[in-house]
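# predicted model and sequence below, questions to follow.
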Amino acid sequence: MTEMETKRSVVWREFLRRHWKAVVLLVAGAIVAAVGAVLVFLWFAGQAQVTGLVPVVLSFWTMGELISFLVGLALWELLLIGIPVAIACIIVYAAYRRLPPEEREEYRRAGLFRIGSRGRNYGSGFTFVINLLFVVKVYLDGNWNLPFSNWTFDYLVDSYVWILLVLAALFAIPALIVGSWWLRREIRSR
């Protein structure tokens, strides 16, 4: 264990000794929020079927119904879970700011509540863009209200290949132009 890790461990123990009630409250709040998010999902899924927002049989779903379901779910999760969690985070931050400056500085020096990148790779969003383009293609093809059970595997594969080709063209054409310009400039400079 490095010296910094040892110091961080000691500071963590001291933090937990000083603020154990707040830590217990935060852990309990996180558990309640997670359970609440699952319960909201189950409630909304049940209500979506009862109200006719989506068909009960999954193969009868359309892209329009899927998007409506996901948007509705996101809004209810935000309203019932996200807003209370955001308010709780603001309260926790305000409580942290009320700590004595010396104590906060001690936590900062130990790297206890470091904000920012820790070297994890969260992805580039490429998959999100491809799936978003797939949704757009389904709409443009006129298959928005066509049940998934009527889709063929070939349609699915051809759509994703078409999307990949469009993305390749969007990136390849500017890359060829810039590459040609750079190569021409390098040749002339010699």
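Good, I have the coordinates.
# residues near residue 81, how many?
By other Cβ atoms under 10 Å, the residues close to residue 81 number 20. All C-beta spots, glycine's among them, are computed from the backbone N, C-alpha and C.
# going forward, the N-terminal residue is numbered 779.
In the new count, where the first residue is 779, that last one comes out as residue 859.
# how close does residue 864 get to residue 853?
15 Å (Cβ to Cβ, to the nearest Å).
# element containing residue 880, please.
Assigned by DSSP states H and E, residue 880 belongs to helix 879-888.
# what is the rounded mean pLDDT of that helix?
The average pLDDT for helix 879-888 rounds to 87.
# tell me which residues in that helix are buried?
Using 16 or more other Cβ atoms under 10 Å as the test for burial, helix 879-888 gives 884, 885, 888.
# residue 843: which of the residues you listed is nearest?
residue 885 (48.7 Å; Cβ to Cβ).
# now do the SS call for the residue lying closest to the closest one once chain neighbours are set aside.
Spatial nearest neighbour of residue 885, excluding adjacent residues (Cβ to Cβ, 6 or more residues apart in numbering): residue 891 at 5.9 Å. With DSSP: H, G, I helix; E, B strand; the rest coil as the basis, residue 891 sits in coil.
# give me phi/psi at residue 891?
phi -120, psi 50 (degrees, to the nearest 10).
# helix, strand or coil for residue 952?
Applying three-state DSSP: residue 952 is helix.
# how many neighbours does it have?
Neighbours around residue 952, by other Cβ under 10 Å: 10.
# next one: it from residue 939, what distance?
21 Å.
# for the chain, which segments count as helices?
Ranges of helices in the chain, per DSSP state H, are 781-796, 798-828, 841-855, 861-875, 879-888, 904-918, 931-967.
# redo those helices as TSV? Include distance to residue 835.
Formatted as TSV, the entries for these read as follows, by distance: least, Cβ to Cβ, whole Å:
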stretch	distance to residue 835
helix 781-796	51
helix 798-828	10
helix 841-855	12
helix 861-875	34
helix 879-888	54
helix 904-918	19
helix 931-967	19
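# to residue 925, which of those lies closest?
Of the helices of the chain, nearest to residue 925 by Cβ to Cβ is helix 841-855, at 9.0 Å.
# and the closest one, how far from the chain's centre?
Put simply, helix 841-855 sits 16 Å off its chain's centre (Cα atoms, centre = their mean, to the nearest Å).
# contacts for it next, please.
815, 818-819, 822-823, 826, 831-833, 913, 916-917, 921-924, 926 (Cβ atoms under 8 Å, 6 or more residues apart in numbering).
# could you pull out the buried residues of the helix or strand of the chain with the lowest mean pLDDT?
When each helix and strand of the chain is scored by mean pLDDT, DSSP states H and E, helix 781-796 comes last, with a mean of 84. For helix 781-796, a neighbour-count test (16+ other Cβ under 10 Å) marks 786, 789, 793 as buried.
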